[in-house]
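Peer 1: Have a look; sequence and predicted model below, questions after that.
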Protein chains: 2
Amino acid sequence: MSMRTDYCGELRKENIGQSVEICGWTNRRRDHGGVIFLDMRDKRGIVQVVINPDNNDFALAETIRNEFVLKITGEVIARADNLINPKLDTGEIEIVANKIEILNTSKPVPFQIDAVDTSEEVRLKYRYLDLRTNVMQQRMRLRSKVTHFMREFMDNNDFLDIETPFLTKATPEGARDYLVPSRTYPGEFFALPQSPQLFKQLLMMSGFERYYQIVKCFRDEDLRADRQPEFTQLDVETSFMSEGEIMSMMEEMTRGLFKEVIEVDLGDKFPTITYNDAMSTYGVDRPDMRIPMKLVCVNEIMKGVDFNVFSGPASADDSRVAALKIPGGASISRKDIDKYTKYVSIYGAKGLAYIKLNEEGPASPILKFLGDDVTNQIIEMTDAKTGDIIFFGADKIKIVNEALGNLREQIAKDLDLYTCKWAPIWVIDFPMFDQNEDGSLSAIHHPFTAPSVDAKTLEATAATALSRAYDLVINGSEVGGGSIRIHQVEMQQTVLKLLGISDEEAKDKFGFLLDALEYGCPPHGGMAFGLDRLVMIMTGSDSIRDVIAFPKTQTAACLLTSAPAAVPNKVLRELSVKVSLPEKDS
Amino acid sequence: MSMRTDYCGELRKENIGQSVEICGWTNRRRDHGGVIFLDMRDKRGIVQVVINPDNNDFALAETIRNEFVLKITGEVIARADNLINPKLDTGEIEIVANKIEILNTSKPVPFQIDAVDTSEEVRLKYRYLDLRTNVMQQRMRLRSKVTHFMREFMDNNDFLDIETPFLTKATPEGARDYLVPSRTYPGEFFALPQSPQLFKQLLMMSGFERYYQIVKCFRDEDLRADRQPEFTQLDVETSFMSEGEIMSMMEEMTRGLFKEVIEVDLGDKFPTITYNDAMSTYGVDRPDMRIPMKLVCVNEIMKGVDFNVFSGPASADDSRVAALKIPGGASISRKDIDKYTKYVSIYGAKGLAYIKLNEEGPASPILKFLGDDVTNQIIEMTDAKTGDIIFFGADKIKIVNEALGNLREQIAKDLDLYTCKWAPIWVIDFPMFDQNEDGSLSAIHHPFTAPSVDAKTLEATAATALSRAYDLVINGSEVGGGSIRIHQVEMQQTVLKLLGISDEEAKDKFGFLLDALEYGCPPHGGMAFGLDRLVMIMTGSDSIRDVIAFPKTQTAACLLTSAPAAVPNKVLRELSVKVSLPEKDS
């Protein structure tokens, strides 16, 4: 009844003498000395099949081309010593075919399976061929292991897997929603969830205490390299647990995941850094701790220099001057410095001053402005040695941080300055709000994040108040984030007021949540992990598209199915909508 | 750091003398002899807390109302023998409170938690309160166990959990699609998947060989009692396996599931019935095998009777006369027979003839038409005894089958005629096509189902050809279905042609699948289980809404969040659509 007795990739010396049936794809066919050799591939690997000229099916075998699907009946024999292929797990044996069955043919494939130089466009159009490559098979297998481990962990810790709706109401995450017209309520729309945030909070109000879900979320954003319109997160929420307990449990999960799936030890206890420290020392809120270099604040000594480019920002409250020493960086060429100058200009930096510490001593166009004393103090403060370079940022705080923070990462990548392979870190003590130019506030996380102070204090100190949020960063990527949520209606109303959200708007958008807060809502909090990014990091892939079976392009299209597509008017009429194309500029 | 040392529902005699901290909801408060008694509830159960008048927090305790969220510090003591509550797992002990903390208050709840008579409308509006009831907590817990077991099983059998897209192309399942306007491609739309059918086939073409996913699917249908616009299925696909192997593996999964989760033994080997036998013997393609009664074909003896109501259908090719004996049914009242007559009229039956076997002998208005001989033959054929009743259906085959098939189930329910609690059965040998009135064909399953004959034979015998599909039925509900799929492009083209789907339409709708078939598609097949319905059956619930945390109503609305909802024009403009309400009849 079964089509196969064995998998191609599992046959070994121990099987010699056995009669086997295998199924799979023709990875390669070679003809040599009147004999046909096939590399047969299935999901477990590759084995060599030999078809001798006296085989009854030899004529049939001659029609076999790459990617033909075959069933081979044959006998496992040892390879001669000089023909053993040490690169192949099955390299000590081969199969002499008795019977050959062509289960399906294949047209010549548009690209060689496992070729490394295929364009992404072709790979996505023929995704079913691209997924046959060993690297994609391994990535999908690893991704499946990751979700399996997560579910095991959550289940062992008494979390319930509960599904939340996909056809729901616009959520207040801030990105654009994907909308779905309703047929039964003409003129009304569902929104696809940007996250299950409100529902998972409702599940806490429902008394489940521990919830998790691995779930698709949707954001109609302008796509960047590592974004997709639909993405997957591990979503977690708990009641009656402090942020410390939640972080500790999620850390245990993450540590176990890396150990179990990719045999990586992430260390005993992840370090913690405050948002403020992360920003001032690394320039970003997701510091890559594999990189030893830090931003050093040199405001005090720059205040007095006779060089307005430095002394100005050093003296202003909203600005800073920071130094970034790159060990061994004196060898960076003039050309590369120009390249980095251009790079930091993306973040608004107007230049990139530096001091090289050559054998002959410090060298820099700005030495004359700084003088020996200041130069020596800076060398001391940055602990710079001969052969190093010191870069400077002097501007508004935001510009300096973004410019030097990203420069630090770019140079570390270019010069391979990593001191370890894996570096997890928790970022805590985020501000509650971002202050906009006009003085209004917006939420750093989302409006349901709890502040670390009471409602009165929050109102008095909104611009500087901290939240009870936490992000998990690995190798400079935010892989997860969460917070303790607001569980009392008065606090929720205070936060909404501070965000300038009117009672009416709040009631309209998430009145059900405000209602629910009044019926015995427990203290609760949780976290969400971005699964795609996590798997991308774990597999060492360059893009999340490489760890998604059927991804969209950067313009949110599917090259395989040609989605999205036009829809007949009749169908749209049933949904009470019609297409209304934007007018072209005349 | 932790808020609790113990769960309310887990305290036992062994804990007597311990100081504990518990968190949870006030299930009930009683005042008795100056003492306050609280039933404290958490996800593990209920425990009694005693607050004596000398407690420092007594005044605070007096403010406690139902559903307040509390943290209680206290000591576990034994209850006096006469105060032991055997109905409660914690009934041998209680907690004397030392310290009381009100974590949150609650307004009076709109319905008593665990009240049985709350309307579904109120339950759905306040779903977060409804989910606090013990019965809903248990259902969600069981559902989580079900998915966990399924995933374990699939993982143990080397299936990979692979996600397929939600924003995709209209699929050919036949129901209406939910559509999603694309912002980046004005005038174009994604469709939410009715199932991952095409993608799971593409995964087989991608060489994964074993795939599974527990996944949301979407159908914009007119809703019946057990349908939801979004529903969940366990979706499975394999390569190089026969239908027998697939059924056997899925049966093993199902058997294990029932054993593990609800301790039910489904028996060693599920029986199998052909579609034709199911229809002629039980009137439906999803026979409830807990019910012993069968439809008995009495065409031959009715052909000759002098009663056109019977002799007509008995002689016509497209009609039948069938008898359904109900053991003990002679006691069914005239009034109930009228009720059943009305019931079968739903299915088009024009009447409901019967013979009662009373102590005095057969009794029926139709005896005079049949005569003694025929009456006795029928009694013999149906093996009817004194006290039974025999119902008749005589009409077009479809009407008789539906009328008597459903009557059989209704009466079994009314009179509790089940001979066992659980009865799984496989239905096989489905026809490939349904023949429409105009002679055209439509697919019984979907156009990718493989026939059991070759393409030439199929073309010659389309109307009677069988498919390689199989359904799993438990207690009269189809819990899963699947098939071997077409893996060769010629066969796929033949089937599409027979279905009247033009090359152009096929290319437009699923050209990518047809392309993929040409690049070495392996033989493959699979199955999908309706998770909601399966959990409904396992929990003995009446509706799938009872096993979904946040379900939609029968008009596809969410009473909790008030979705769907109107959307600002500005948002619609970005999506290049506008609302176009149907014109009202004037």
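Peer 2: Structure received.
Peer 1: got a pLDDT number for the residue of the stretch 401-550 of chain A found nearest chain B?
Peer 2: Per CB to the nearest CB, A:Gly520 is where the stretch 401-550 of chain A lies closest to chain B, at 3.6 Å. Bear in mind the C-beta positions are built from the backbone N, C-alpha and C, glycine included. On pLDDT, A:Gly520 comes in at 97.
Peer 1: can you tell me which residues contact it?
Peer 2: Applying CB atoms under 8 Å, 6 or more residues apart in numbering or on different chains to A:Gly520 gives the contacts A:Met205, B:Trp25, B:Thr26, B:Glu67, B:Phe68, B:Val69, B:Asn104, B:Thr105, B:Ser106.
Peer 1: Could you double-check that the fourth one lies in contact with B:Val109?
Peer 2: If I follow you right, that is B:Glu67. Yes. Taking CB atoms under 8 Å as the definition, B:Glu67 is a contact partner of B:Val109 at 5.6 Å.
Peer 1: domain parsing for chain A?
Peer 2: A:8-104, A:117-270+A:532-579, A:291-419 (automatic domain parsing).
Peer 1: quick one: the nearest residue to A:Phe307 once chain neighbours are set aside from A:Gly304, how far?
Peer 2: Spatial nearest neighbour of A:Phe307, chain neighbours left out: A:Phe369 (3.5 Å); criterion: CB to CB, 6 or more residues apart in numbering or on different chains. Per CB to CB, to the nearest Å, A:Phe369 is found 12 Å from A:Gly304.
Peer 1: between those two, who's got more neighbours?
Peer 2: Applying other CB atoms under 10 Å in any protein chain shown to A:Phe369 and A:Gly304 shows that A:Phe369 carries more neighbours, namely 17 against 13.
Peer 1: Please enumerate residues in contact with the one helix or strand the more buried one maps to?
Peer 2: Of the helices and strands defined by DSSP states H and E, A:Phe369 is found in helix A:367-381. With contact meaning CB under 8 Å, 6+ apart, helix A:367-381 is reached by A:296, A:298, A:301-302, A:305-307, A:310, A:323, A:355, A:357, A:362, A:384, A:390.
Peer 1: would you turn those residues into a markdown table with pLDDT, neighbour count and secondary structure?
Peer 2: Listed next are these as a markdown table, based on pLDDT from 0 to 100; neighbours: other CB atoms under 10 Å in any protein chain shown; DSSP: H, G, I helix; E, B strand; the rest coil:
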| residue | pLDDT | neighbour count | secondary structure |
| --- | --- | --- | --- |
| A:Val296 | 98 | 20 | strand |
| A:Val298 | 97 | 24 | coil |
| A:Ile301 | 95 | 19 | helix |
| A:Met302 | 96 | 26 | helix |
| A:Val305 | 92 | 19 | coil |
| A:Asp306 | 91 | 11 | coil |
| A:Phe307 | 93 | 18 | coil |
| A:Phe310 | 96 | 24 | helix |
| A:Ala323 | 98 | 25 | strand |
| A:Ile355 | 97 | 25 | strand |
| A:Leu357 | 97 | 22 | strand |
| A:Pro362 | 96 | 19 | strand |
| A:Ala384 | 97 | 23 | coil |
| A:Ile390 | 98 | 25 | strand |
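Peer 1: Could you single out the nearest of these to chain B?
Peer 2: A:Val296 (35.5 Å).
Peer 1: for chain A, which strand is longest?
Peer 2: For chain A, the strand that runs over the most residues, judged by DSSP state E, is strand A:19-32.
Peer 1: Could you list every helix and strand in contact with it?
Peer 2: strand A:35-42, strand A:45-51, strand A:69-78, strand A:93-104 (3 or more CB pairs under 8 Å, 6 or more residues apart in numbering or on different chains; DSSP states H and E).
Peer 1: sorry, back to before: so which of B:Glu67 and B:Val109 has more stuff around it?
Peer 2: Using other CB under 10 Å, the more surrounded residue of B:Glu67 and B:Val109 is B:Glu67, with 24 against 16.
Peer 1: for the stretch 151-300 of chain A, what spans make up the helices?
Peer 2: Counting by DSSP state H, counting those that start in this stretch, the stretch 151-300 of chain A has helices at residues A:197-205, A:243-262, A:275-282, A:299-302.
Peer 1: Nearest to B:Ala175 among the ones you listed would be which one?
Peer 2: For the helices of the stretch 151-300 of chain A, proximity to B:Ala175 was assessed by CB to CB; helix A:197-205 is nearest, at 25.5 Å.
Peer 1: CA atoms only: put the closest one into CSV for me.
Peer 2: C-alpha atoms of helix A:197-205 as CSV (Å, rounded to 0.1, in the frame of the first residue of the first chain):
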residue,chain,number,x,y,z
GLN,A,197,-3.9,43.6,21.7
LEU,A,198,-7.5,44.4,22.8
PHE,A,199,-8.7,40.8,22.6
LYS,A,200,-5.9,39.5,24.7
GLN,A,201,-6.6,42.1,27.3
LEU,A,202,-10.3,41.0,27.1
LEU,A,203,-9.2,37.5,27.7
MET,A,204,-7.5,38.6,30.9
MET,A,205,-10.7,40.3,31.9
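Peer 1: what is the residue nearest to A:Gln233 when sequence neighbours are not counted paired to in the beta sheet?
Peer 2: Computed as CB to CB, 6+ apart, the closest residue to A:Gln233 that is not its neighbour in sequence is A:Ala528, at 4.7 Å. A:Ala528 forms beta bridges with A:Asp235, A:Gly481, as assigned by DSSP bridges.
Peer 1: so where is chain A shaky, pLDDT-wise?
Peer 2: A:1, A:171-173, A:224-225, A:584-586 (pLDDT under 70).
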